[in-house]
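# I would like to see how this sequence folds:
(one chain, ligands or ions: 2)
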Amino acid sequence: MSAQTKTVNQIEVKGRTVFVRNDFNVPLTDQGAITDDTRIRASLPTLRHLSENGAKIVCASHLGRPKGIPTPKDSLRTVAKRLAELLGKPVQFCPEIIGPEAEKMKKAIKAGEILLLENLRIDSRETKNDPEFARELAKGIDVYINDAFGACHRAHASIDALAEIISLKGMGLLLEKEIRYLSMATQNPPKKYVVILGGVKVSDKIPVIENLVGKASCLLIGGAMAYTFLASQGKFVGRSKVEPDFIEFCKKLLTTAPAKGTRILLPIDHIAAAKIEPDITVRLVGQDETIPDTMMGLDIGFDTVKLFAMEIESAELIVWNGPMGVFEIDTFAGGTMGVAQAVADSKATSIVGGGDSVSAIHKSGLADKITHISTGGGASLEYLSGLILPGIAALG
Ligand code: ADP
Ligand code: MG
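Ligands and ions are numbered 1, 2, ... in the order given. Coordinates of the predicted model:
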């Protein structure tokens, strides 16, 4: 993105046909019912803006990873229905992505009306960033708007090649908001900047750690990844998930981070059990104890929550990725819920990103106390890693 990158409200759209790349990649049941419509709701501000300003709107998105002959579950038809309900106005659905029917329907839309094309990934050329496919998508389009933050880390045809073809282009309101908040985490953050990291693997989060160490004043580490750090200090962690190949990385980070201005805090107590199961016997492993060799650490303990909460309380900016424990099971959810409460109570600007972290925040019931919940899982991690996302770069 450059200083010249436009937002949708800086572009004249009246009477123009506007292609909006949305992220309607919503979770579905086996029967194809939508289980969480957060991403559809997040698309509404841009679509309302365009409709109120007289644009002819052509929406497109991917959904899942269709393979071979498409099934009804691969279709965006259900999304079109939900979108219409949420907007309170009709949404036309085109069973084609490109082709004669799509051409006809694109031409027929009137100012303010919305058309949703079929799942982009049904055509294998989408993920190949195929220029010919992009040229087909571009037919009859005057303006390109990217509002699909969750797909911006992929150089696919509707994200990259299409944006290269259309000169009048910009960000949707959701994409603009995502960048506005996530850039706080990576560019000139305030002095009291607390980063909370958790989740399964250290190896998944190395690029994020490397980019944020030196920027954050404090890094709080929980989740399974904490055990590789604890093991690197020679601590006994029982059967907790440790990544032996990353022990050296952790050891080095613990010694180099303070010199770069980042304090790192690790869990001081744990909830441990022999298995990841709901009704299993658990043990609180206190500060002076070690995790029994038959057990693994599955959540941070109460003292760790208190320790982390103290840092969170005085923060100006908080970025959180990765749950503190196996929050999907209530027995091991206390640490994640305790940290969520602390973040919700703090006056800081708070940003939560990552697929499971977002589910955890919703489970806590505190989502409305968070300043920004990112709609992009992989994309938010790549952004926090300091990478330039292809979808943002393509907007010029
Ligand atoms: P995100 O999707 O937010 O980036 P991750 O995918 O990295 O987060 O990690 C989420 C997963 O980490 C959750 O499914 C959770 O059960 C698991 N997890 C957290 N703590 C532990 C732990 N101590 N042991 C095993 N798994 C854990
Ligand atoms: Mg995940």
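
# so what secondary structure elements neighbour the helix or strand harbouring Val319?
For Val319, the host element (DSSP states H and E) is strand 317-321. When contacts are defined as 3 or more Cβ pairs under 8 Å, 6 or more residues apart in numbering; DSSP states H and E, strand 317-321 packs onto helix 173-186, strand 193-197, helix 202-212, helix 334-345, strand 349-352, helix 378-384. (Each C-beta comes from the backbone N, C-alpha and C, glycine too.)

# residues from the chain in reach of ligand 2?
Residues of the chain that fall close to ligand 2, judged by Cβ under 5 Å from the ion: 355-356.

# Any part of the strand holding Val319 near ligand 1?
Yes: using Cβ under 6 Å from any ligand atom, strand 317-321 comes into contact with ligand 1 via Asn321.

# for stretch 298-314, same thing?
Yes: applying Cβ under 6 Å from any ligand atom, one finds that stretch 298-314 is in contact with ligand 1 at Leu298.

# I would like the residues contacting that stretch, please.
Around stretch 298-314, the neighbours that count as contacts under Cβ atoms under 8 Å, 6 or more residues apart in numbering are 192, 194, 196, 218, 220, 222, 226, 265, 267-273, 276, 282, 284-287, 318, 324-327, 331-336, 338-339, 341-343, 345-346, 348.

# got a pLDDT number for Leu366?
Leu366 is assigned a predicted lDDT (pLDDT) of 98.

# Surely it and Gln341 touch.
Yes: in this structure, Leu366 is within contact of Gln341 by Cβ atoms under 8 Å, at 6.7 Å.

# gap between Glu248 and ligand 2?
Glu248 sits 25 Å away from ligand 2, going by Cβ to the ion, to the nearest Å.

# Quick one: residues contacting that residue.
Ser232.

# quick one: pLDDT of it?
98.

# Also the one 3 residues further on?
Looking at Lys251, its pLDDT stands at 98.

# can you count the residues close to it?
The number of residues packed near Lys251 is 16, by other Cβ atoms under 10 Å.

# Does it touch Leu230 like I think?
No: using Cβ under 8 Å, Lys251 is not in contact with Leu230; the gap is 11.0 Å.

# Would you confirm that Ala148 contacts Leu162?
No: Ala148 is beyond contact range of Leu162, at 11.6 Å (criterion: Cβ under 8 Å).

# what sits in contact with each of the two?
In terms of Cβ under 8 Å, 6+ apart, Ala148 and Leu162 are both contacted by the residues Arg21.

# where in the protein is pLDDT low?
1 (pLDDT under 70).

# distance from the centroid: which residue in it tops it?
Computed with Cα atoms, centre = their mean, the residue of the chain farthest from its C-alpha average is Asp288, at 37.3 Å.

# Contact partners for Lys110?
Lys56.

# wait, is it part of a strand?
No: with DSSP: H, G, I helix; E, B strand; the rest coil as the criterion, Lys110 is assigned coil and is not in a strand.

# Now it. Its backbone dihedrals?
phi -100, psi 170 (degrees, to the nearest 10).

# Okay, it and ligand 2: tell me how far apart.
On the measure of Cβ to the ion, Lys110 and ligand 2 end up 42 Å apart.

# ok, now Arg154?
To ligand 2, Arg154 is 17 Å away according to Cβ to the ion.

# Just to check, that residue is in contact with Ala394?
No: in this structure, Arg154 is not within contact of Ala394 by Cβ under 8 Å, at 11.1 Å.

# In the stretch 101-250 of the chain, which residue sits closest to ligand 1?
Proximity of the stretch 101-250 of the chain to ligand 1 (Cβ to the nearest ligand atom) peaks at Gly199, 2.3 Å away.

# quick one: contacts for that residue?
Contacts of Gly199 (Cβ under 8 Å, 6+ apart): 205, 223-225, 321-323, 354, 356-357.

# Could you list which of the residues you listed belong to helices?
Judged by DSSP state H, the contacts of Gly199 include 205, 225, 356-357 as members of helices.

# could you redo these as TSV and give each row neighbour count?
Shown next, in TSV, are the ones in helices among the contacts of Gly199 (neighbours: other Cβ atoms under 10 Å):
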residue	neighbour count
Lys205	24
Met225	25
Asp356	18
Ser357	27
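
# Could you pull up phi and psi at the residue farthest from the centre of the chain?
According to degrees, to the nearest 10, Asp288 has phi -100, psi 10.

# do you know how far it is from Ala138?
Noted for Asp288: a distance of 66 Å to Ala138, by Cβ to Cβ, to the nearest Å.

# And the helices in the stretch 1-150 of the chain?
In the stretch 1-150 of the chain, the helices defined using DSSP state H, counting those that start in this stretch lie at 38-42, 44-52, 77-87, 100-108, 131-138.

# contact partners of the third one?
In this case it means helix 77-87. Contact with helix 77-87 is made by 24, 26, 28, 32-34, 37, 40-41, 43-44, 47-48, 51, 59, 61, 63, 90-93, 95, 114, 116, as judged by Cβ under 8 Å, 6+ apart.

# Now Ala394. Nearest residue, chain neighbours left out?
Leaving aside its chain neighbours, Ala394 sits nearest to Ala163 (3.8 Å; criterion: Cβ to Cβ, 6 or more residues apart in numbering).

# My understanding was that the one you found contacts Ile392; is that so?
No: contact criterion Cβ under 8 Å: Ala163 and Ile392 do not qualify, at 9.9 Å.

# Which strand or helix spans the closest residue to ligand 2 within the stretch 151-300 of the chain?
Of all residues in the stretch 151-300 of the chain, the one sitting closest to ligand 2 is Gly199 (6.4 Å; Cβ to the ion). Under the criterion DSSP H and E, no helix or strand holds Gly199.

# does the residue nearest to Lys205 when sequence neighbours are not counted have beta-bridge partners, and which?
Leaving out its chain neighbours, the residue that sits closest to Lys205 by Cβ to Cβ, 6+ apart is Leu197, at 5.8 Å. Note on Leu197: beta-bridge partners by DSSP bridges are Ile221, Asn321.

# list the contacts for Leu197?
So Leu197 contacts 205, 208-209, 219-223, 225, 321-322 (Cβ under 8 Å, 6+ apart).
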